[in-house]
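Chemist: sequence isn't available, so here's the structure alone:
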Ligand SMILES: [Zn+2]
């Protein structure tokens with residue numbers, strides 16, 4: 001029998017610093033030979049990136065913010081002397097698309113799903129001839145955004161686009177609405193590697209404001225059927241198929257918790273006030289605990305709206 005040990009606080013601090021959650025930030029990880037994953041720094045709002053080396057070029061997954069692109073560009077060069085010819089925006093959000101200009105200036109063609117461009121047109125009204133939109137708001141607080149220009153994707157695919165040079169095959173798929181209407185997945189069928197954009201994250205960073213949680217659960221069901229063995233999420237560390245399973249399980253549990261309150265006839269105020277109790281309850285399930293934010297009001301609100309509820313009173 002082992003004796004209980006007292007662990008000095010300094011050691012605990014050291015362990016926390018080295019904890020997997022932050023250990024891989026801003027480092028290049030080889031997913032399989034020629035396929036790389038780079039975990040972005042959440043403290044700077046950066047998304048994750050991926051890239052795939054083909055015979056003659058490199059395909060990059062997500063543009064990141066301009067400051068994120070500046071970190072990733074030299075790292076891509078460290079792994080390959082081939083030019084970056086294509087950059088995919090997995091969706092239209094700032095941290096996945098605002099770095100576009102840097103990649104385009106370096107010679108890349110910007111790709112996205114047709115729906116991702118449609119979403120961009122709705123929120124980037126400043127670029128598309130209307131009132132200032134999200135980009136202008138972001139430029140007020142981010143010098144890296146202010147120093148560049150919005151550059152929308154130019155090569156669009158409604159459902160699928162395949163890059164195949166005879167050695168390497170990368171499939172871009174649109175499976176339906178999830179994190180946004182335009183979510184694109186990057187699937188390497190031979191290697192069974194999947195890049196999900198923010199349709200899957202690995203930690204408490206789900207942004208549901210442009211999504212539909214009910215549709216998201218259904219879309220992830222299709223995504224599970226790919227049979228991915230390595231999953232590279234939009235935020236948080238990479239892992240295996242459990243990322244898809246747990247992400248979906250979190251939304252199912254969240255939806256169920258809110259529906260119970262709706263079915264019990266609770267008011268909008270009562271449901272809003274139940275958010276801390278919902279969070280505590282969800283944290284009890286080990287495989288979804290990491291998805292529960294300190295304050296998941298936005299998640300509960302989104303489900304409530306989808307179930308026919310109203311905006312929570314202030
Ligand atoms: Zn996003």
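Modeler: In hand now; what should we look at? Remember, it's a predicted structure, so these values are computed and weren't measured experimentally. Numbering: from 1, shown residues only.
Chemist: drop to CA atoms for contacts and neighbour counts, all remaining ones
Modeler: Noted.
Chemist: kindly state the pLDDT recorded for the residue nearest to residue 140 when sequence neighbours are not counted?
Modeler: The shortest distance from residue 140 to any non-neighbouring residue, by Cα to Cα, 6 or more residues apart in numbering, is to residue 146 (7.0 Å). Looking at residue 146, its pLDDT reads 98.
Chemist: go on, the one 3 residues further on?
Modeler: The predicted local distance difference test score for residue 149 is 97.
Chemist: and residue 4, by the same measure?
Modeler: We have a pLDDT of 44 for residue 4.
Chemist: surely residue 162 is in a helix?
Modeler: No: read with DSSP: H, G, I helix; E, B strand; the rest coil, residue 162 is strand and lies in no helix.
Chemist: surely it meets residue 168?
Modeler: No: using Cα atoms under 8 Å, residue 162 is not in contact with residue 168; the gap is 10.4 Å.
Chemist: who has more neighbours out of those two?
Modeler: Ranked by neighbour count (other Cα atoms under 10 Å), residue 162 and residue 168 place residue 168 first, with 16 against 13.
Chemist: any idea how far that one is from residue 103?
Modeler: Using Cα to Cα, to the nearest Å, one obtains 22 Å as the distance from residue 168 to residue 103.
Chemist: centre of the chain to the helix or strand hosting residue 71, how far?
Modeler: Using DSSP states H and E, residue 71 maps to helix 66-79. From the chain centre to the centre of helix 66-79 is a distance of 18 Å (Cα atoms, centre = their mean, to the nearest Å).
Chemist: mind checking what helix or strand follows that helix in sequence?
Modeler: strand 84-88.
Chemist: check which helices and strands that next one is in contact with.
Modeler: Where contact means 3 or more Cα pairs under 8 Å, 6 or more residues apart in numbering; DSSP states H and E, strand 84-88 is packed against strand 58-61, strand 109-113.
Chemist: what's the residue closest to the geometric middle of this protein?
Modeler: Geometric centre of the chain, nearest residue: residue 198, 1.9 Å, by Cα atoms, centre = their mean.
Chemist: verify the contact between that one and residue 236 for me.
Modeler: No: using Cα under 8 Å, residue 198 makes no contact with residue 236, being 10.0 Å away.
Chemist: ok, residue 211 to residue 33 distance?
Modeler: 34 Å.
Chemist: residue 175 now?
Modeler: When residue 175 is compared with residue 33 (using Cα to Cα), they lie 27 Å apart.
Chemist: same check, this time on residue 47
Modeler: From residue 47 to residue 33 the distance is 22 Å (Cα to Cα).
Chemist: could you check which of residue 211 and residue 33 is surrounded by more residues?
Modeler: For residue 211 and residue 33, the more surrounded residue by other Cα under 10 Å is residue 211, and the numbers stand at 19 against 9.
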